[in-house]
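Novice: Test case, fold it:
(chains A and B)
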Amino acid sequence: MIGYVVNRTLAAVVVVFGVSSLVFFMLHLLPGDAVTIMLSEFGASAVEEQQLREQLGLTDPILVQYGRFLANAVQGDFGTSLFSRRPVLPQIFEQLPKTLELAVAATIVGVLFGAFFGITAAVMRNTWWDSISMLISLLALSMPNFWLGLIFIFVFSLNLGWFPVQGSDTLWHVVLPAFALGLSFAGLLARLFRSTMLEVLGQDFVRTARAKGVAEPSVINRHALKNALIPIVTVIGINFGFLLGGSVIIEIVFARQGIGNLIIKAIFAHDFYLVQGGIIVTAALFVLVNLIVDLTYGILDPRISYA
Amino acid sequence: MAEAASAAPAAHRTIGHERTPTQIFLREFRRNRGAVVGTVLFAILILLVIFAPYVTRFDPVEPNYAARFSPPTAEHWFGTDRNGRDIFTRVVYGGRISLLVGVVAVAIGSILGTVFGLISGFYGGVIDNALMRFMDFVLAMPGILLAITIVFALGPSLVNVMIAVGFSTMPQYARVVRASVLSAKQLPYVEAARAAGAGDGAVMGRHILPNVFAPVLVLATLGLGSAVLSVAALSFLGLGAAPPTPEWGLLISDGRGVLRRSWWVATFPGLAIMVTVLAVNLIGDGLRDALDPRLRGQV
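Specialist: This next block holds a predicted model:
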């Protein structure tokens, strides 16, 4: 068990290291020169720009810069915003709770609706309800979430006045963004719940339960559902990235605080280090969530061995 | 399989006529109601987009200040925006851009992914390990975030959006192709080709590549839907198309500022995206079930 935890954790650390390196090289090597734009945006003259470049170590060979980036990153130093003059990491962590709040709320919306439509569709396979559920799921998957957010704002905030138009101060503010982001996730989950459930329902132990006279609700709840839930947990972990990515754009639509909003504003301000740090922290968060899912997987399914 | 067995008497009659894999595929595909609906929808969209100048008599870009903020009418089906431009016209012309950008993004992702997957599966060993670890790192980033990173590095533009969205979908193709190559490599006819003196290139191109065609086609079709969504999202954020280009994401962003007074400006481009993605997903599901049912549950 301990060996398994250590192994998975080490693998996650390697992936975080790899992703950070990937982001570093993309931002430093791809043509477009984000750093030059940042410096010109900063209003530096040619001489000042050269001074800033040297001061920031941008004149060094790329591998030297990379080494320095890694050495600093390990110590939690992702550079200083040229505009706010504050270290990048604390600014990102300030925004983290709001993004997590949205992602968790959207997960809840996704799981509740996804489970309801997916499981009922599987149980009532090949009925009109099955067709309707799958059509609704596909529609939910096909909608742009930022557009759905705007429609929600128009209907529920501007016209009905039930919810605030924008902001992120209270829990009431998270309802519409969570639905805008969570419903497409629900569409995805409903399709997966359905196919997993169908697979489980076709297995021998379900037939045995039915053969020995177990009532149908009990077959579904006690025998099938428990086994269908296990792969779904992994799916939620894998698709947590989908929610983190989606939160970037939903935060903009609802003018919510959060990492996504921070990154997009930093992009338009050409605040290079803030963008780099924000992206790396978000990717690391995604890896961390998957690590947690991997580790809880064993608790949910005793058949998994930790060899 | 089960269907064929239960329909045994009917199968006897038809089997003689359906010999080629294409015919079998067409039969399976036509049986799928969703896939047929999706194909018809998509065909209508393509026709509208190609014949845009004949479908509408308005200009997608030229302002017409006399007709500002008109709600949907018999004259302007989807209403007009702050510059009096006809939204229906902008949505139809926007389809040209959004579909083209989506298709190119999918082409970039699927070609890169197929090449890397082929090399990885065919050569194995160190090359395989290095390529697949790299793909793991790319996959560890939420797709849209990776695309945002690339657009930030390259600068905002539609061309860079295609590259970014294409690149961020590459690992999916690489993984599926690699898995197909690994199983195809074991087949006797590949060994036979080798024994007959075929080189690496010929074995890969002529004997292994056809095996990965079906899964890549399924992934690419389903991928077109998410590519259209990603491209629209990036343009909505201001990282893609520049005004006054009638791109769908940008049209929604136009409507955001005037949501209170003119709901139609944002609503109709969003519906266009939804119908397009729905059609593509229906086709993709049908292709998957007809060509490669093993992918069900995975994609």
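
Novice: Sketch out the low-pLDDT regions of the stretch 201-307 of chain A for me.
Specialist: Across the stretch 201-307 of chain A, the ranges flagged by pLDDT under 70 are A:298, A:300-307.

Novice: What segments of it are strands?
Specialist: Secondary structure of the stretch 201-307 of chain A (DSSP state E, counting those that start in this stretch): no strands present.

Novice: Can you name the residues of it that neighbour chain B?
Specialist: By the criterion of Cβ under 8 Å from any Cβ of the partner chain, the positions of the stretch 201-307 of chain A lying close to chain B are A:241-242, A:244-246, A:248-249, A:252-253, A:263-264, A:267-268, A:275, A:279, A:282-283, A:286-287. C-betas here are computed from N, CA, C, even on glycine.

Novice: Can you say which of the residues you listed are buried?
Specialist: A:241-242, A:244-246, A:248-249, A:252-253, A:263-264, A:267, A:275, A:279, A:282-283, A:286-287 (16 or more other Cβ atoms under 10 Å in any protein chain shown).

Novice: Which residue ranges of chain B form strands?
Specialist: With DSSP state E applied, chain B shows no strands anywhere along its length.

Novice: Provide a list of residues in contact with A:Ile153.
Specialist: A:Ile153 is in contact with A:165-166, A:176, A:253-254, B:259, counting by Cβ atoms under 8 Å, 6 or more residues apart in numbering or on different chains.

Novice: Return the residues of the stretch 51-200 of chain B in contact with chain A.
Specialist: On the criterion Cβ under 8 Å from any Cβ, chain A has as its neighbours in the stretch 51-200 of chain B the residues B:133-134, B:136-138, B:140-145, B:148-150, B:152-155, B:160.

Novice: hmm, 6 Å instead?
Specialist: For the stretch 51-200 of chain B, the residues found near chain A under the criterion Cβ under 6 Å from any Cβ of the partner chain are B:137, B:140-142, B:144-145, B:149, B:152-155.

Novice: Farthest-apart pair in the residues you listed, please.
Specialist: Checking these against each other with Cβ to Cβ, the farthest-apart pair comes out as B:Ala140 and B:Gly155, at 24.7 Å.

Novice: okay, the two: which has more neighbours?
Specialist: A side-by-side neighbour count of B:Ala140 and B:Gly155, using other Cβ atoms under 10 Å in any protein chain shown, places B:Ala140 first with 21 against 15.

Novice: Hmm, A:Ser20 and that one touching each other?
Specialist: No: taking contact to mean Cβ atoms under 6 Å, the distance of 10.1 Å between B:Ala140 and A:Ser20 leaves them out of contact.

Novice: list residues touching both of these two?
Specialist: Here B:Ala140 and A:Ser20 share no contacting residue, scored by Cβ atoms under 6 Å, 6 or more residues apart in numbering or on different chains.

Novice: Can you list the low-confidence ranges for chain B?
Specialist: Segments of chain B classed as low confidence (criterion: pLDDT under 70) are B:1-19, B:293-299.

Novice: Scan it for its longest helix.
Specialist: In chain B, assigned by DSSP state H, the helix with the most residues is helix B:87-123.

Novice: what comes up buried for that helix?
Specialist: B:87-99, B:101-102, B:104-106, B:108-110, B:112-114, B:116-122.

Novice: any chance you could map the helices in the chain?
Specialist: Because you didn't say which chain, this covers chain A. Counting by DSSP H, the helices of chain A are A:2-29, A:34-41, A:46-55, A:62-74, A:88-123, A:128-142, A:145-152, A:175-201, A:204-211, A:216-218, A:226-238, A:240-253, A:259-268, A:272-300.

Novice: Actually, chain B is the one I wanted.
Specialist: Remark: helices of chain B, listed N- to C-terminal, are B:2-6, B:8-15, B:21-31, B:33-50, B:52-55, B:87-123, B:125-139, B:143-154, B:158-185, B:188-195, B:200-202, B:209-236, B:248-256, B:264-291; assignment by DSSP H.

Novice: Which one, of the ones you listed, ends up nearest to A:Tyr4?
Specialist: When these are ranked by proximity to A:Tyr4, the top entry is helix B:125-139, at 19.1 Å, counting by Cβ to Cβ.

Novice: ok so, going back, how far off centre is the longest helix of chain B?
Specialist: Shown here is helix B:87-123, whose average C-alpha point lies 6 Å from the average C-alpha point of the whole chain (Cα atoms, centre = their mean, to the nearest Å).

Novice: Excluding chain neighbours, what is closest to the residue most central in space within chain A?
Specialist: Nearest to the geometric centre of chain A sits A:Leu244, at 2.4 Å (Cα atoms, centre = their mean). Of all residues not flanking A:Leu244 in the chain, B:Pro142 sits nearest, at 4.9 Å (Cβ to Cβ, 6 or more residues apart in numbering or on different chains).

Novice: I figured the one you found hits A:Gly241, correct?
Specialist: Yes: contact criterion Cβ under 6 Å: B:Pro142 and A:Gly241 qualify, at 3.7 Å.

Novice: I'd like the helices of chain B as JSON lines, with distance to A:Glu48 appended.
Specialist: Putting these into JSON lines (distance: least, Cβ to Cβ, whole Å) gives the following:
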{"stretch": "helix B:2-6", "distance to A:Glu48": "74"}
{"stretch": "helix B:8-15", "distance to A:Glu48": "79"}
{"stretch": "helix B:21-31", "distance to A:Glu48": "64"}
{"stretch": "helix B:33-50", "distance to A:Glu48": "50"}
{"stretch": "helix B:52-55", "distance to A:Glu48": "50"}
{"stretch": "helix B:87-123", "distance to A:Glu48": "39"}
{"stretch": "helix B:125-139", "distance to A:Glu48": "36"}
{"stretch": "helix B:143-154", "distance to A:Glu48": "24"}
{"stretch": "helix B:158-185", "distance to A:Glu48": "29"}
{"stretch": "helix B:188-195", "distance to A:Glu48": "63"}
{"stretch": "helix B:200-202", "distance to A:Glu48": "54"}
{"stretch": "helix B:209-236", "distance to A:Glu48": "33"}
{"stretch": "helix B:248-256", "distance to A:Glu48": "35"}
{"stretch": "helix B:264-291", "distance to A:Glu48": "43"}
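
Novice: Show me which residues of the stretch 51-200 of chain A are close to chain B?
Specialist: Residues of the stretch 51-200 of chain A lying near chain B (Cβ under 6 Å from any Cβ): A:138, A:142-144, A:146-147, A:150, A:154, A:158, A:195.

Novice: Export stretch A:15-22 to PDB, keeping only CA atoms.
Specialist: Extracted in PDB, the C-alpha atoms of stretch A:15-22 (Å, rounded to 0.1, in the frame of the first residue of the first chain):
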ATOM      1  CA  VAL A  15       4.400  14.800 -14.800                       C
ATOM      2  CA  VAL A  16       4.300  18.100 -13.000                       C
ATOM      3  CA  PHE A  17       8.000  18.600 -13.800                       C
ATOM      4  CA  GLY A  18       7.400  17.600 -17.500                       C
ATOM      5  CA  VAL A  19       4.400  19.900 -17.900                       C
ATOM      6  CA  SER A  20       6.300  22.800 -16.300                       C
ATOM      7  CA  SER A  21       9.200  22.300 -18.700                       C
ATOM      8  CA  LEU A  22       6.800  22.000 -21.600                       C
END
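
Novice: for it, which positions count as buried?
Specialist: For stretch A:15-22, burial by neighbour count (16+ other Cβ under 10 Å) applies to A:15-16, A:18-22.

Novice: Residues touching that stretch, excluding its own?
Specialist: In contact with stretch A:15-22 (Cβ under 6 Å, 6+ apart) are residues A:280, A:283-284, A:287, B:137, B:140-141.

Novice: residues in contact with A:Tyr30?
Specialist: Careful, residue A:30 is Leu and not Tyr. Here A:Leu30 is in contact with B:153-154 (Cβ under 6 Å, 6+ apart).

Novice: can you rerun that using 10 Å?
Specialist: By Cβ atoms under 10 Å, 6 or more residues apart in numbering or on different chains, the contact set of A:Leu30 is B:149-150, B:152-155, B:160, B:163.

Novice: Narrow these to just the buried residues.
Specialist: Buried members of the contacts of A:Leu30, counted by 16+ other Cβ under 10 Å: B:149-150, B:152-154, B:160, B:163.

Novice: can you redo those residues as CSV with distance to B:Gln186?
Specialist: Rendered in CSV, the data for these read as follows (distance: Cβ to Cβ, whole Å):
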residue, distance to B:Gln186
B:Thr149, 38
B:Ile150, 37
B:Phe152, 43
B:Ala153, 41
B:Leu154, 41
B:Asn160, 41
B:Ile163, 36
